[in-house]
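>>> Based on what follows, work out the 3D shape:
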Amino acid sequence: MDIFDLSFFFSTMWVGPFWVAMMVYPEHERTQQLMQGPWFFLGPIAIWFILSFSDPSGLVELAKDSMNPENALQGLADLLGTKAGASAAWAHMVAGDIFVTRWIWKRCMAAKCDKWITITSVFFGVMLMPIGLALNYALVRGTPNNQS
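Next up is the predicted model:
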C-alpha cells in the first residue's frame, strides 16, 4: 500500500462520519455542531494539497496542456491515468461531494423535511452528487432561495 492508496482510503474515510451523522442523526445537536465548522471537508482538501504539491509536475503539465485547447482534455486524461492524479482527483471530488451534501442537509433542515427525504438526498449527495441535488430540488419545498 503506497501513499496514493492511503490517501484514497483516508479521504474516503474522513467524510464518512459526517455523512452518516447527516443521514442517521440529521437533527441531533452533535450533528449540528459537527457540520458548523470546516472540519467536514478539510481532510480531503489537505490530502489534495499534499498530493498535488509533493510532486507539482502533474499540475505544471496540466497547466501547459490546458493552454492548448486541442490538448486540454488529453492532458487531464493523462494526469488522471496515474495513481497520483487519480488519488488527488478523488480527494477533490470527495471534498466537493461532502460540501454540496452539507448544503443539501442544511436545506432539508431549514424546510423541516420528512426524514426519508433527508436520508435520500444526503445519501445520494455523497454517492452520486448530481442525483442528490436533483432529488433535493424535486423533493424539498418551502425553503427560502437564500439558504447557505
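>>> what element comes up after the lowest-mean-pLDDT helix or strand in the chain heading to the C-terminus?
Averaged element by element with mean pLDDT, DSSP states H and E, the chain has its least confident helix or strand at helix 57-66 (a mean of 84). Using DSSP states H and E, the helix or strand that follows helix 57-66 in sequence is helix 72-80.
>>> wait, doesn't I47 sit right on F4?
No - counting by CB atoms under 8 Å, F4 is not a contact partner of I47; they are 10.2 Å apart. Backbone N, C-alpha and C define where each C-beta goes, glycine included.
>>> Mind listing the shared neighbours of those two?
S87 (CB atoms under 8 Å, 6 or more residues apart in numbering).
>>> Return the set of buried residues in stretch 125-138.
Buried residues in stretch 125-138, counted by 16 or more other CB atoms under 10 Å: 125-126, 129, 132-133, 135-136.
>>> which ones among those residues are found in strands?
Among these, no member is found in strands (DSSP state E).
>>> If I look at the closest residue to T31 other than its chain neighbours, what pLDDT would I see?
Distances taken as CB to CB, 6 or more residues apart in numbering put A21 closest to T31, at 4.3 Å, once the chain neighbours are dropped. We have a pLDDT of 97 for A21.
>>> Give me the residues contacting stretch 4-13.
Stretch 4-13 has contacts (CB under 8 Å, 6+ apart) with 43-44, 47-48, 50-51, 83-84, 86-88, 90-91, 94-95.
>>> mind redoing it with 7 Å?
With CB atoms under 7 Å, 6 or more residues apart in numbering as the test, stretch 4-13 has contacts from 43-44, 47, 51, 83-84, 87, 90-91, 94.
>>> Ok, stretch 128-143 next?
The contact list for stretch 128-143, computed with CB under 7 Å, 6+ apart, reads 97, 100-101, 104, 107-108, 110-111, 113, 117, 120-121, 124-125.
>>> Please produce a ChimeraX select command covering the buried subset of these.
For the buried members of these, the matching ChimeraX selection, counting by 16+ other CB under 10 Å, is:
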select :97,100,101,104,107,108,111,113,117,120,121,124,125
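>>> For the contacts of stretch 128-143, could you give me a markdown table that also reports pLDDT, distance to A72 and secondary structure?
As requested, the contacts of stretch 128-143 are exported to a markdown table (pLDDT from 0 to 100; distance: CB to CB, whole Å; DSSP: H, G, I helix; E, B strand; the rest coil):
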| residue | pLDDT | distance to A72 | secondary structure |
| --- | --- | --- | --- |
| D97 | 96 | 24 | helix |
| V100 | 96 | 25 | helix |
| T101 | 97 | 29 | helix |
| I104 | 97 | 31 | helix |
| R107 | 96 | 34 | helix |
| C108 | 96 | 37 | helix |
| A110 | 95 | 39 | helix |
| A111 | 95 | 40 | helix |
| C113 | 94 | 40 | coil |
| I117 | 96 | 39 | helix |
| T120 | 97 | 36 | helix |
| S121 | 97 | 33 | helix |
| F124 | 97 | 30 | helix |
| G125 | 96 | 29 | helix |
